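Enquirer: Return a 3D structure for these sequence lines:
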Amino acid sequence: QVQLVESGGGLVQAGGSLRLSCAASGRTFSSGNMAWFRQAPGKGRELVASIRSDSGSTIYPDSVKGRFTISRDNAKNTVYLQMNSLKPEDTAIYLCAARTVVTGPWAYWGQGTQVTVSS
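Expert: Residues are numbered from 1 along each chain as shown. As a prediction, the model looks like this:
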């Protein structure tokens with residue numbers, strides 16, 4: 001059984017930093033990619049960062065580019081999201097996701113971790 005478990009969320013002041021972790025168990029994602037999404041109240045789910053398992057190439061939307069960094073430790077089967085210069089609009093539940101094919105559906109999801117940025 002595949003599990004993705006996020007940790008590292010919390011309350012931080014605007015301008016601060018947090019690092020989220022997502023530990024995968026049950027299988028390794030040596031192909032495909034892993035990603036972080038977020039969902040704020042009343043809004044749709046938004047991709048904030050993804051990383052390919054084979055090349056390590058990353059993708060960010062403009063809203064977080066230059067502030068967020070995704071990375072992975074293949075030995076630990078863990079992906080991280082370093083978030084700097086946080087803004088109140090970054091407040092959301094952050095979810096880890098994984099897929100085994102780069103262009104396939106996001107088949108695996110974590111439960112999410114709350115990030116709250118106060119002004």
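Enquirer: Bridge partners for the spatially most central residue of the chain, pull those for me.
Expert: Closest to where the C-alpha atoms of the chain average out (CA atoms, centre = their mean) is residue 36, at 2.3 Å. For residue 36, the beta-bridge partners are residue 49, residue 96 (DSSP bridges).
Enquirer: what about it, distance to residue 119?
Expert: For residue 36, the distance to residue 119 equals 23 Å [CB to CB, to the nearest Å]. Any C-beta I mention is one placed from the backbone N, CA and C, and that applies to glycine too.
Enquirer: Which stretches in the chain count as strands?
Expert: For the chain, the strands defined by DSSP state E cover 3-7, 10-13, 18-25, 33-39, 45-52, 58-59, 68-73, 78-83, 92-99, 108-109, 113-118.
Enquirer: Show me the shaky parts of the chain.
Expert: Applying pLDDT under 70 to the chain flags no residue at all.
Enquirer: which residues does residue 43 contact?
Expert: Counting by CB atoms under 8 Å, 6 or more residues apart in numbering, residue 43 touches residue 92.
Enquirer: one step back: contacts only, for the residue nearest to the centre of the chain.
Expert: If you count contacts by CB under 8 Å, 6+ apart, residue 36 has them with 20, 22, 47-50, 68, 70, 79, 81, 94-97.
Enquirer: Residue 114 now?
Expert: Counting by CB under 8 Å, 6+ apart, residue 114 touches 9, 10, 93, 94.
Enquirer: could you redo the last one with a cut-off of 10 Å?
Expert: Neighbouring residues of residue 114 by CB atoms under 10 Å, 6 or more residues apart in numbering: 6, 9, 10, 11, 91, 92, 93, 94.
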